[in-house]
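Enquirer: Model the structure of this input:
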Amino acid sequence: TVPPVNKDKGGAWNRVIVSSTLLPERLAEYERNREALESGRPLAVATPFGELNRALNGGFRPGKVYVLGGGSGVGKSALALRFARAACEAGHRALYITYEVSPEYCLDRVVSDVAGIQCQDLQNGRAKPSDIEDHLAELKRQTEDLVFLDGCLMDDGETLGPGMIEAALVTLQAQTHTPLVIIDYLQMAAVASMTNEREVRVRVSRYLEQMFGVARRRRVPVLLLSSINRAAYDGKPTLAAFKESGDIEFGTDVAMILDRAPEGEGRQPQNAKPLNLHVLKNRDGANDAVIPLDFEGRFMRFSEAQR
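Expert: Sure thing, here's the model as predicted:
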């Protein structure tokens with residue numbers, strides 16, 4: 001028999017969880033998962049790509065932390081925005097936190113994909129209003145539940161850190177279903193918000209640690225985009241490719257890297273680049289899965305490749 005836990009002792013005792021009290025909670029969770037699946041509204045936030053959903057055990061799962069890495073310009077943000085739109089299409093809400101570009105530019109990328117108009121044409125006035133109006137209904141459907149937090153527009157002394165993100169989640173969860181949280185991107189977010197630490201590696205470690213806590217407490221999936229070391233751009237993707245890789249490797253549930261597929265690999269649409277999404281670490285599914293994708297950079301458009 002396990003003796004009762006005296007929480008008044010403080011310290012480590014406050015973290016003790018006795019299995020006999022945890023088991024009923026887990027059984028109830030299993031039942032909620034089954035009911036959600038049978039109702040056609042699974043708790044996992046599915047991606048638009050069937051092969052990736054199978055690798056991730058259904059998609060992005062509540063309480064889990066995911067990291068998506070890749071070289072500069074490979075398409076990480078465009079892919080993350082596609083994940084966000086898929087979440088909205090499925091009836092979830094997506095919270096997209098951007099530290100690098102404005103929400104307006106993020107939305108330009110969405111319009112470019114849906115309407116088939118290049119971003120520069122949207123911005124320089126070459127796009128005809130009728131070209132966009134034909135797609136307004138679809139744009140509204142995909143973006144109605146897409147919410148942005150702008151890490152570039154904070155008042156002096158303010159930082160958009162995990163605490164402020166969690167406060168936003170409390171409000172969103174009172175209004176709608178579990179959102180998918182996307183942070184673009186990890187290193188910039190950590191440098192901007194973990195100002196008490198000097199070393200970038202330590203800032204990344206602290207930020208990951210705190211966002212893992214947010215994911216667990218709020219029961220939301222969190223996807224963080226990450227840069228990789230330039231030396232890894234042309235090599236085989238590994239966990240060591242992530243910048244500040246030690247904490248990313250051990251502090252996440254799933255780690256993925258997006259990179260360019262070898263020349264001549266398979267067939268793809270005209271003007272599309274073949275990419276591979278490598279699932280390098282996966283606590284709940286297949287490790288070493290490779291998801292082939294095609295990326296039309298002029299429209300910021302991803303599709304599942306047939307290779």
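
Enquirer: Contact partners for residue 197?
Expert: 203, 206 (C-beta atoms under 8 Å, 6 or more residues apart in numbering). The way it works is simple: take the backbone N, C-alpha and C, and place the C-beta from them, glycine included.

Enquirer: And the strands in the stretch 1-150 of the chain?
Expert: Counting by DSSP state E, counting those that start in this stretch, residue ranges of the strands within the stretch 1-150 of the chain are 65-70, 93-98, 146-150.

Enquirer: In a markdown table: those, plus mean neighbour count and distance to residue 127.
Expert: Below are the strands of the stretch 1-150 of the chain laid out as a markdown table (neighbours: other C-beta atoms under 10 Å; distance: least, C-beta to C-beta, whole Å):
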| stretch | mean neighbour count | distance to residue 127 |
| --- | --- | --- |
| strand 65-70 | 26 | 28 |
| strand 93-98 | 24 | 23 |
| strand 146-150 | 18 | 21 |
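
Enquirer: Residue 226 is nearest to which of those strands?
Expert: Put simply, out of the strands of the stretch 1-150 of the chain the one that sits nearest residue 226 is strand 65-70, at 4.3 Å, with distance taken as C-beta to C-beta.

Enquirer: Now do the phi/psi pair for residue 277.
Expert: Summarising the backbone geometry of residue 277 under the convention degrees, to the nearest 10, its torsions are phi -100, psi 110.

Enquirer: Wait, it touches residue 47, no?
Expert: No - between residue 277 and residue 47 no contact is recorded; they are 9.8 Å apart, counting by C-beta atoms under 8 Å.

Enquirer: Report the central residue of this structure.
Expert: residue 223 (2.5 Å; C-alpha atoms, centre = their mean).

Enquirer: Does that residue fall in a helix, a strand, or a coil region?
Expert: Following DSSP: H, G, I helix; E, B strand; the rest coil, we place residue 223 in the strand state.

Enquirer: can you tell me which residues contact it?
Expert: 60, 66, 67, 68, 80, 83, 180, 181, 182, 183.

Enquirer: Please name whichever of the strands of the stretch 1-150 of the chain is nearest to residue 241.
Expert: Ranking the strands of the stretch 1-150 of the chain by distance to residue 241, with C-beta to C-beta as the measure, places strand 65-70 first at 6.6 Å.

Enquirer: other SSEs contacting that closest one?
Expert: helix 76-89, helix 200-218, strand 222-226, strand 254-260 (3 or more C-beta pairs under 8 Å, 6 or more residues apart in numbering; DSSP states H and E).

Enquirer: Reformat the ones you listed as JSON lines; add distance to residue 113 and mean pLDDT.
Expert: Written out in JSON lines, the entries for the helices and strands packed on strand 65-70 read as follows (distance: least, C-beta to C-beta, whole Å; pLDDT from 0 to 100):
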{"stretch": "helix 76-89", "distance to residue 113": "7", "mean pLDDT": "96"}
{"stretch": "helix 200-218", "distance to residue 113": "27", "mean pLDDT": "93"}
{"stretch": "strand 222-226", "distance to residue 113": "18", "mean pLDDT": "97"}
{"stretch": "strand 254-260", "distance to residue 113": "16", "mean pLDDT": "95"}
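
Enquirer: any idea which of those is most buried?
Expert: strand 222-226 (a mean of 26; mean count of other C-beta atoms under 10 Å).

Enquirer: pull the helix or strand with minimum mean pLDDT from the chain.
Expert: For the chain, counting by mean pLDDT, DSSP states H and E, helix 245-250 ranks last in confidence among helices and strands (a mean of 75).

Enquirer: Residue 33: what's its closest spatial neighbour, skipping adjacent residues?
Expert: Using C-beta to C-beta, 6 or more residues apart in numbering and skipping the chain neighbours, the partner closest in space to residue 33 is residue 43 (6.0 Å).

Enquirer: picking that back up, and the helices and strands packed on strand 65-70 as TSV, adding distance to residue 288?
Expert: As requested, these are exported to TSV (distance: least, C-beta to C-beta, whole Å):
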stretch	distance to residue 288
helix 76-89	19
helix 200-218	23
strand 222-226	19
strand 254-260	11
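
Enquirer: Quick check: buried residues in stretch 232-250?
Expert: Buried residues in stretch 232-250, counted by 16 or more other C-beta atoms under 10 Å: 232, 237, 239, 241, 242, 243, 244, 245, 247, 248, 249.

Enquirer: Only alpha carbons, please: show that stretch as PDB.
Expert: Output of stretch 232-250 as PDB, limited to C-alpha atoms (Å, rounded to 0.1, in the frame of the first residue of the first chain):
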ATOM      1  CA  ALA A 232      24.000  20.900 -42.000                       C
ATOM      2  CA  TYR A 233      22.300  22.500 -45.000                       C
ATOM      3  CA  ASP A 234      23.800  20.000 -47.500                       C
ATOM      4  CA  GLY A 235      24.200  17.100 -45.200                       C
ATOM      5  CA  LYS A 236      21.900  14.300 -44.100                       C
ATOM      6  CA  PRO A 237      19.400  15.700 -41.600                       C
ATOM      7  CA  THR A 238      20.200  14.700 -38.000                       C
ATOM      8  CA  LEU A 239      19.200  16.000 -34.500                       C
ATOM      9  CA  ALA A 240      22.600  17.600 -34.200                       C
ATOM     10  CA  ALA A 241      21.700  19.900 -37.100                       C
ATOM     11  CA  PHE A 242      19.500  22.100 -34.800                       C
ATOM     12  CA  LYS A 243      21.000  25.200 -33.400                       C
ATOM     13  CA  GLU A 244      21.500  24.800 -29.700                       C
ATOM     14  CA  SER A 245      20.700  21.100 -30.500                       C
ATOM     15  CA  GLY A 246      21.200  19.400 -27.200                       C
ATOM     16  CA  ASP A 247      18.100  20.900 -25.500                       C
ATOM     17  CA  ILE A 248      16.000  20.700 -28.700                       C
ATOM     18  CA  GLU A 249      16.900  17.000 -29.000                       C
ATOM     19  CA  PHE A 250      15.900  16.100 -25.500                       C
END
